[in-house]
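K.L.:
build me a model:
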Amino acid sequence: MIKAVKLMIILAAAFLLFVVVSDYISDYKKQYENELTSMESNPGEEVTITIPKNSSAKEVAAILKKNGLIKFEKAFVTRLQESEYRGRLQAGKFKLRKGMNTLEMMEIICKEDEDSKIVKQLVIPEGYTVDLIAEACEEADICDKRDFINALKSVTSNDFEYLADVPSGADVRYTLEGYLFPATYDISKSTTAEDVVSMMLNAFQNYYTEEMNSVAAEKGMNSFEVLTRASMIEREAKLDSERPIIASVLNNRINADMLLQIDSTVLYPISDGMYDTGDPSIEDLSLQSPYNTYVYRGLPVGPICNPGLSCINAVLYPEETDYLYYHVVDEKAGKHIFTETYEEHLETMKGKDEKIGGTDTDGDGIPDIEPGETPEEEEDEEE
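P.N.:
Okay, the predicted model is just below:
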């Protein structure tokens, strides 16, 4: 009798468990089916979610579940794949509501934000200066030139650590000159001057790697000096193959305590960074500017443009040569001839047209100055 009672209890418990499990499974299926097919929309708490760029459907479903907007990730993914919204998920911030059906959520998440939609591209070539970039932004109707200049002036080393390499109190036109990486940038309706500056500085941070920084440090340079050298190479060289050679010429002249005599270091301050004044004159070469390498030995006070990766690498990995001179032999192609001595240099210059009396060192129509002489010293000798 006792065994029969125990059996009845066990059977009753099993039945109750079966009922509970059956109800649970039935309710689970009902809720799952509801998220998979429901078109109902009910009031509920508003929730703001953030979807990162390039998020997959599964990752979006996980975000929705984490924020209490759905219960079944698989139901959301399945419905998405079978709907018109497949492949249209957008990144950004979205306001959703608990009680929405999943199709309503998809419609909001897949709706492209008009203000964030890419409407144009800003192309910044290698060798552009701050002033040329500001003008390009204004011409592209992105922002006013003044807004761009003000935006970059507000950036500090607290925003980008590598800017601490700029010497304190350096007499430069712009602290960020050299660091605005030349590239093609996506522009939306909501893009501001601050956004453009930030994009360019982030691009530099991405391209100027830790390895490059280590190589520079081994050579006794920081990013500021690398960019100063690279900016001169950018304005001097057209051919990738010649950039490491020109880097070696700069190294050799500095090591020999010679004036660098780079025309662009005169044109940069004279043209206010626009490089639209033509070749410098004899008088220009005597310009008292910390950028002028015809007057002051060593590097200019800072970068004279924003160089590309090729010129930066030329500084980090220069050719090993004994060249001290070069001049253009093919204006169209930008090809140079390189020589080790002043006599060889003069010999290669024979027959070359000269716009101004004297010998043209680099083919830009500028009379040559003897190694180590400033323009004033040359004038004194002539007297």
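K.L.:
all helices of the stretch 251-383 of the chain, in order?
P.N.:
For the stretch 251-383 of the chain, the helices defined by DSSP state H, counting those that start in this stretch occupy 264-270, 309-316, 342-349, 375-382.
K.L.:
nearest to residue 192, of these?
P.N.:
helix 309-316 (26.5 Å; CB to CB). C-betas here are computed from N, CA, C, even on glycine.
K.L.:
how close does the closest residue to residue 172 other than its chain neighbours sit to residue 231?
P.N.:
Nearest non-adjacent residue to residue 172, counting by CB to CB, 6 or more residues apart in numbering: residue 302, 3.8 Å away. Applying CB to CB, to the nearest Å, the value for residue 302 to residue 231 is 8 Å.
K.L.:
quick one, which of these two is more surrounded?
P.N.:
residue 231 (30 against 23; other CB atoms under 10 Å).
K.L.:
would you mind confirming that the more buried one makes contact with residue 178?
P.N.:
Yes - between residue 231 and residue 178 there is a contact under CB atoms under 8 Å: 5.6 Å.
K.L.:
need the overlap of contacts for these two.
P.N.:
303, 305, 306, 307 (CB atoms under 8 Å, 6 or more residues apart in numbering).
K.L.:
mind checking which of the residues you listed are buried?
P.N.:
303, 305, 306, 307 (16 or more other CB atoms under 10 Å).
K.L.:
hey, where'd the helices end up in the stretch 51-200 of the chain?
P.N.:
Going by DSSP H, counting those that start in this stretch, the stretch 51-200 of the chain shows helices at 57-66, 73-81, 102-109, 130-139, 145-153, 193-207.
K.L.:
can you say which of these is nearest to residue 187?
P.N.:
Between residue 187 and the helices of the stretch 51-200 of the chain, the shortest gap by CB to CB is with helix 193-207, which sits at 7.7 Å.
K.L.:
once you drop chain neighbours, what's closest to the residue nearest the centre of the chain?
P.N.:
Centroid-nearest residue in the chain: residue 203, 2.0 Å away (criterion: CA atoms, centre = their mean). In space, and not counting its chain neighbours, residue 203 is closest to residue 181: 4.0 Å by CB to CB, 6+ apart.
K.L.:
what does residue 154 give?
P.N.:
Leaving out its chain neighbours, the residue that sits closest to residue 154 by CB to CB, 6+ apart is residue 194, at 7.7 Å.
K.L.:
didn't the one you found look like it was pressed against residue 153?
P.N.:
No - Residue 194 is not in contact with residue 153 according to CB under 8 Å; the separation is 11.1 Å.
K.L.:
neighbour count winner among those two?
P.N.:
When residue 194 and residue 153 are compared for neighbours, residue 194 comes out ahead with 16 against 13, by other CB under 10 Å.
K.L.:
any idea how far residue 143 is from the more buried one?
P.N.:
Taking CB to CB as the measure, residue 194 falls 9 Å from residue 143.
K.L.:
any residues in contact with both of the two?
P.N.:
Joint contacts of residue 194 and residue 143 (CB under 8 Å, 6+ apart) are residue 151.
K.L.:
show me what counts as buried in stretch 141-155.
P.N.:
142, 143, 145, 147, 148, 149, 151, 152, 155.
K.L.:
an error on my part: the question was meant for stretch 44-51.
P.N.:
Going by 16+ other CB under 10 Å, stretch 44-51 has these buried residues: 49, 51.
K.L.:
so how far is it from its chain's centroid?
P.N.:
Distance of stretch 44-51 from the chain centroid (CA atoms, centre = their mean, to the nearest Å) equals 33 Å.
K.L.:
what sits closest to residue 91 if chain neighbours are left out?
P.N.:
residue 53 (4.2 Å).
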